[in-house]
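>>> next come a sequence and a model predicted from it.
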Amino acid sequence: MATDEELLARSGTDASAFEPLVERHSRALHGYFARRAPGAADDLLAEAWLRAYAGRGTYDAARGPVRAWLFGVARNVLAAHWRGQERPGAAAALAGEASSDPWHAVDRRLDAAAVAPLMRRTLAELPAVERELLLLIAWEQLSPTEAAAVVGVPAGTARSRLHRARTRLRAALGPSAPLSLTGDLA
Amino acid sequence: MTGQDRNTDDRDLLDFPGAGRLRAAGKVAPPSADVVAAALAAVRSAAAGQADGEGPALELEREPLAEVVPVRTWRRRLPVLVSAAAVVAVALGVALQPWSDSGNGHGSSPAAERTAVQERTGTAPYWKVRTFQWNRSSEKDRRDESYETVWLSRNDKRGQFGDGPVREYSEAGMAGTAFWIGRNPIMWDELEKLPTDPDALRARLLGKATGESAEEGLFSGIEDLLARSPAEPRLRAALFKVLTGIPGARVTEQVKDSTGRPGTAVDLDADTWRLRLIIDTGTFHALEMVTTARNDGLSWGTQKLRAGDPLLRTTYLSVGPAWEAPNPSPRR
């Protein structure tokens, strides 16, 4: 079976070679969108594939595997989606925040899944990049290096930030934390 | 899985209480066959359009690196926040690895030194940072340490772990290189526009963020700017003032980093750990960032830590302008 990289390379001259990629990765990409923009996941999936197809010539194997590249494309599509969702004039109000941060949608998902409020609060207080790295690993099952490439931070920086995020979570949610205040933990 | 992943794998990262529930919260139904078919049809339609000569249906938001914009020069008037000697040290340091000569006298005049530095750094397109990172492993007998070199430019970041391949660090969703202050990105192009009045700078960096985590984000963000950005001396001096003005920050002079280099430490307590950034105050470059346990009893894998035990340490071995960066390695 051809690898993703082989298919993508071949799709430059044979468009049909791109189609197996859609079949292989649609579930993962749809899941990425469904967790962060549940009402728009179907449309965003098609948008991501269109962008990936249009940009297939820009894929650089040195940046990482095709799977990580696709999540990078998906992240762009999601960011554009959230920017489009902003209310007029909201840009000024959002100065100082990354406007494409899908935290509120993620938090609603965590709430619906009965994730403890203490964990949600701890996650909310993480810098957006740390939280995104953590969720890419926990939910998209990317490796730390792949997640770093998707978010666009050096791998070493990602490792340090992930360690720090984990330390904060362990400190907040460890045995000495006031778990009785909140919901149950796995 | 790459070498660095073997050091920091999923088991390490997702071992906090509640991680299972967090994972479970990510479960979603797969897309219906119709949704995948619609995506496939969209791609086929785009492909047919291209075959008919219409060209690509969409352009990627982030184009690959098209050009490298030089690191801006230091031709503007030099800062009044720091002494002339410190300014010269900053200028020299960037060209010559800041800490190696800081505090020592230099034979030529300040003006001559500045001119020489301008000639060497004025159009350097990259900023090169080499670090040594040590992380306390959750397994007592396992070593977790690595070297990394990163080349940053206005649009582009690439890096090399140890002697491994050079990799491009994409900046998905961002139109260029960003330095993060919590959730607030400071773009490369914004560096020279940042205010150098400490109060105005603090307000600009924090944005609307408030609270203890915002102060911690500010601390880490300033580390990033001092360590990895080509900030001018005047901005560096202002960043140092903002850093030391963070509520709860404590300054200790005459400390040494793990390699023996002298500097000034700025400590900040954050939750159960303590952040320590050691800075060469002659150049306002970061030397080392250390995270230690704040109190006795913090669990780390099977270990129980004592106050002061280090958890993470990043040592900035060298930093400065670079005229070129290696091309990313082909992936096998």
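That came through fine.
>>> what's the burial count for the residue of chain B found nearest chain A?
Residue nearest to chain A within chain B: B:Gly207 (1.5 Å; Cβ to the nearest Cβ). No exception for glycine: its C-beta is placed from N, CA and C like everyone else's. Neighbours of B:Gly207 under the rule other Cβ atoms under 10 Å in any protein chain shown: 18.
>>> got the domain boundaries for chain A?
Domain assignment for chain A by automatic domain parsing gives A:1-100, A:102-186.
>>> distance to B:Val266 added to those, as TSV?
Formatted as TSV, the domains of chain A follow (distance: least, Cβ to Cβ, whole Å):
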stretch	distance to B:Val266
domain A:1-100	23
domain A:102-186	17
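>>> of all those domains, which lies closest to B:Ala42?
Closest approach to B:Ala42 among those is made by domain A:1-100 (4.7 Å; Cβ to Cβ).
>>> excluding its backbone neighbours, what's nearest the residue nearest the centre of chain A?
Centroid-nearest residue in chain A, with Cα atoms, centre = their mean: A:Leu136, separated by 5.0 Å. With sequence-adjacent residues excluded and distances taken as Cβ to Cβ, 6 or more residues apart in numbering or on different chains, A:Leu136 is closest to A:Ala147, at 4.0 Å.
>>> that neighbour and B:Leu13, how far apart?
As judged by Cβ to Cβ, to the nearest Å, A:Ala147 and B:Leu13 stand 10 Å apart.
>>> now do the strands in the stretch 201-332 of chain B.
All strands of the stretch 201-332 of chain B, identified by DSSP state E, counting those that start in this stretch, fall at B:250-256, B:262-270, B:273-280, B:285-293, B:299-300, B:303-304, B:310-322.
>>> please identify the buried residues of the second one?
Okay, so that is strand B:262-270. For strand B:262-270, the buried set under the neighbour-count rule, 16 or more other Cβ atoms under 10 Å in any protein chain shown, comprises B:262-268, B:270.
>>> can you put these in a markdown table and add pLDDT and distance to B:Thr281?
Converted to a markdown table, those look like this (pLDDT from 0 to 100; distance: Cβ to Cβ, whole Å):
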| residue | pLDDT | distance to B:Thr281 |
| --- | --- | --- |
| B:Pro262 | 95 | 9 |
| B:Gly263 | 96 | 7 |
| B:Thr264 | 97 | 5 |
| B:Ala265 | 97 | 10 |
| B:Val266 | 97 | 10 |
| B:Asp267 | 96 | 15 |
| B:Leu268 | 92 | 17 |
| B:Ala270 | 75 | 23 |
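>>> a markdown table for those residues, including distance to chain A?
As requested, these are exported to a markdown table (distance: Cβ to the nearest Cβ, whole Å):
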| residue | distance to chain A |
| --- | --- |
| B:Pro262 | 24 |
| B:Gly263 | 19 |
| B:Thr264 | 22 |
| B:Ala265 | 18 |
| B:Val266 | 17 |
| B:Asp267 | 16 |
| B:Leu268 | 13 |
| B:Ala270 | 8 |
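>>> grab the nearest non-local neighbour of B:Pro31.
Distance criterion Cβ to Cβ, 6+ apart; nearest residue to B:Pro31, sequence neighbours excluded, is A:His30 at 4.0 Å.
>>> is chain B within reach of the helix or strand encompassing A:His104?
Following DSSP states H and E, one finds A:His104 within helix A:103-112. Yes. Using Cβ under 8 Å from any Cβ of the partner chain, helix A:103-112 reaches chain B at A:109-110, A:112.
>>> which among those end up buried?
Here, 16+ other Cβ under 10 Å leaves A:109-110 buried among these.
>>> what residue ranges in the chain score low on pLDDT?
In the absence of a named chain, this looks at chain A. A:63, A:83-101, A:154-156, A:171-172, A:174-186 (pLDDT under 70).
>>> I was thinking of chain B, sorry if that wasn't clear
B:1-12, B:50-123, B:137-143, B:169-175, B:183, B:211-213, B:271, B:299-302, B:330-332.
>>> which stretches of it form helices?
Counting by DSSP state H, the segments of chain B that form helices are B:3-7, B:10-13, B:19-25, B:33-51, B:84-96, B:98-101, B:110-121, B:198-206, B:212-228, B:233-244.
>>> for A:Asp42, which non-adjacent residue is closest in space?
Here the residue nearest A:Asp42, using Cβ to Cβ, 6+ apart, is B:Val35, at 4.8 Å.
>>> wait, what's in contact with the closest residue in space to B:Pro185 that isn't next to it in sequence?
With Cβ to Cβ, 6+ apart as the criterion, B:Pro185 has its nearest non-adjacent residue at 3.9 Å, and that residue is B:Ala178. By Cβ atoms under 8 Å, 6 or more residues apart in numbering or on different chains, the contact set of B:Ala178 is A:152, B:171, B:185-188.
>>> what of B:Leu277?
Taking Cβ under 8 Å, 6+ apart, one finds B:219, B:222-223, B:226, B:243, B:265-266, B:286, B:288-289 in contact with B:Leu277.
>>> ok, and the most crowded of those residues?
Neighbour counts for those were taken using other Cβ under 10 Å; the highest belongs to B:Ala286, with 29 neighbours.
>>> which residues does that one form beta bridges with?
B:Ile279 (DSSP bridges).
>>> ok, back up a step: quick one: common contacting residues for A:Ala147 and B:Leu13?
Joint contacts of A:Ala147 and B:Leu13 (Cβ under 8 Å, 6+ apart) are A:Ile137.
>>> okay, those two: which has more neighbours?
Shown here are A:Ala147 and B:Leu13; by other Cβ under 10 Å, A:Ala147 has more neighbours (25 against 22).
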